[in-house]
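1. I would like to see how this sequence folds:
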Amino acid sequence: MMMRLLATVIVAFALQEVGAFSLNKAVSISSCTTSESNRKDFITTISTAAASAFLFNPQVVTAEDTSSQTFTRIKDKQFAYSIVLPMEPSPTNKPLQTHLDEVNLPMNIKGYTYGITVDPIRINSLRDFGTPNEVAAKIVMAELRRDGILDVTVGRDPTEDEVTGGYDVEYISDGKRGKKHFVTRTIVKANKLYVLTAQVKEVDWNSAVSEDEVWNAVRSFKVLEN
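-> This next block holds a predicted model:
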């Protein structure tokens, strides 16, 4: 069920620096075990992850495995992850990276792409930071802070994946550059923050691009032992 973002959402954590906002399903932020600086680091990182994966001049990425529709990327002992995509990817990244790892996986429809970022983080798990609803509220707040964003709507209720411990969040962002549909999976493991973001133009959602196709890909994203 859609949670309409109204003019003011009561999210205690997000009040600092951005003013007050509220969701029609109010999300109450409880106290977390992480420090204030760790929370700020987390929000700063996650707020740039979704946008940065799509805004660069592409360069070809070398991956461990791009056979069939599986994309697997491993770098020494720094990180390792994989995702099963709807089609064989042509991975790219940008020349000057702002994350530990940053990969774009475009599909065959303009504006339809999967982006992955990896960053060091000082929290040990997502549960240290909050529940799926709490993290979703923070993602929404971060999206609203981006230039040109006018409105954000949250889609399916945020959930936690039992296998990976990742949080899955769906939202629609309406801005000056158009309306876009996002589905994200956020995983924290071994003090690394992994963010997968699927992006589709809203006009193509459930028409040119199947909702099930996107969710199947997002649910396949996992961090590997390295």
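2. residues in contact with the residue nearest to residue 90 when sequence neighbours are not counted?
-> Residue nearest to residue 90 in three dimensions, not counting chain neighbours: residue 106, with 6.6 Å by Cβ to Cβ, 6 or more residues apart in numbering. C-beta coordinates here come from the backbone N, C-alpha and C atoms, glycine included. Taking Cβ atoms under 8 Å, 6 or more residues apart in numbering, we find residue 106 in contact with 89, 90, 92, 112, 113.
3. just for the chain, where's the confidence low?
-> 1-68, 94-95 (pLDDT under 70).
4. Now for residue 190, how many residues are close by?
-> Neighbourhood size, residue 190 [other Cβ atoms under 10 Å]: 13.
5. State the distance from residue 187 to residue 170.
-> As for residue 187, its distance to residue 170 is 16 Å (criterion: Cβ to Cβ, to the nearest Å).
6. distance of residue 89 from residue 201?
-> According to Cβ to Cβ, residue 89 stands 19 Å off from residue 201.
7. Now do the helices in this protein.
-> Along the chain, counting by DSSP state H, helices occupy 36-52, 126-129, 132-144, 211-220.
8. what's the closest non-adjacent residue to residue 116?
-> residue 103 (4.8 Å).
9. Surely that neighbour and residue 97 touch.
-> No. In this structure, residue 103 is not within contact of residue 97 by Cβ atoms under 8 Å, at 9.6 Å.
10. just to revisit the earlier point, how many neighbours does the residue nearest to residue 116 have?
-> By other Cβ under 10 Å, the residues close to residue 103 number 24.
11. ditto for residue 176
-> 8.
12. contacting residues around the closest residue to it other than its chain neighbours?
-> Residue nearest to residue 176 in three dimensions, not counting chain neighbours: residue 148, with 4.0 Å by Cβ to Cβ, 6+ apart. By Cβ under 8 Å, 6+ apart, residue 148 lies in contact with 175, 176, 177.
13. circling back to that earlier point, just list whatever residues bridge to the residue nearest to residue 90.
-> Beta-bridge pairing of residue 106 under DSSP bridges involves residue 113.
14. got the CA coordinates for the lengthiest strand in the chain in CSV?
-> In the chain, with assignment by DSSP state E, the single longest strand is strand 178-189. Output in CSV follows, covering the C-alpha atoms of strand 178-189 (Å, rounded to 0.1, in the frame of the first residue of the first chain):
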residue,chain,number,x,y,z
GLY,A,178,10.9,13.3,-14.4
LYS,A,179,9.3,10.6,-12.3
LYS,A,180,11.4,7.6,-11.5
HIS,A,181,10.7,4.3,-9.7
PHE,A,182,13.4,2.9,-7.4
VAL,A,183,13.8,-0.4,-5.6
THR,A,184,16.8,-0.7,-3.2
ARG,A,185,18.5,-3.4,-1.2
THR,A,186,20.8,-2.2,1.6
ILE,A,187,23.2,-4.7,3.3
VAL,A,188,25.8,-4.1,6.0
LYS,A,189,28.4,-6.8,6.4
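15. Strand partners (parallel or antiparallel) of it?
-> Per DSSP bridges, strand 178-189 is paired in its sheet with strand 167-175 (antiparallel), strand 192-201 (antiparallel).
16. Ok, which of those strands comes nearest residue 219?
-> Checking these against residue 219 by Cβ to Cβ gives strand 167-175 as the closest, at 7.3 Å.
17. what angle separates the closest one from helix 211-220?
-> Comparing the axes of strand 167-175 and helix 211-220 via axes from the mean of the first three to the mean of the last three Cα atoms, to 10 degrees yields an angle of 130 degrees.
18. Strand 167-175 to helix 132-144, inter-axis angle?
-> On the basis of the same axes, to 10 degrees, strand 167-175 is oriented at 30 degrees to helix 132-144.
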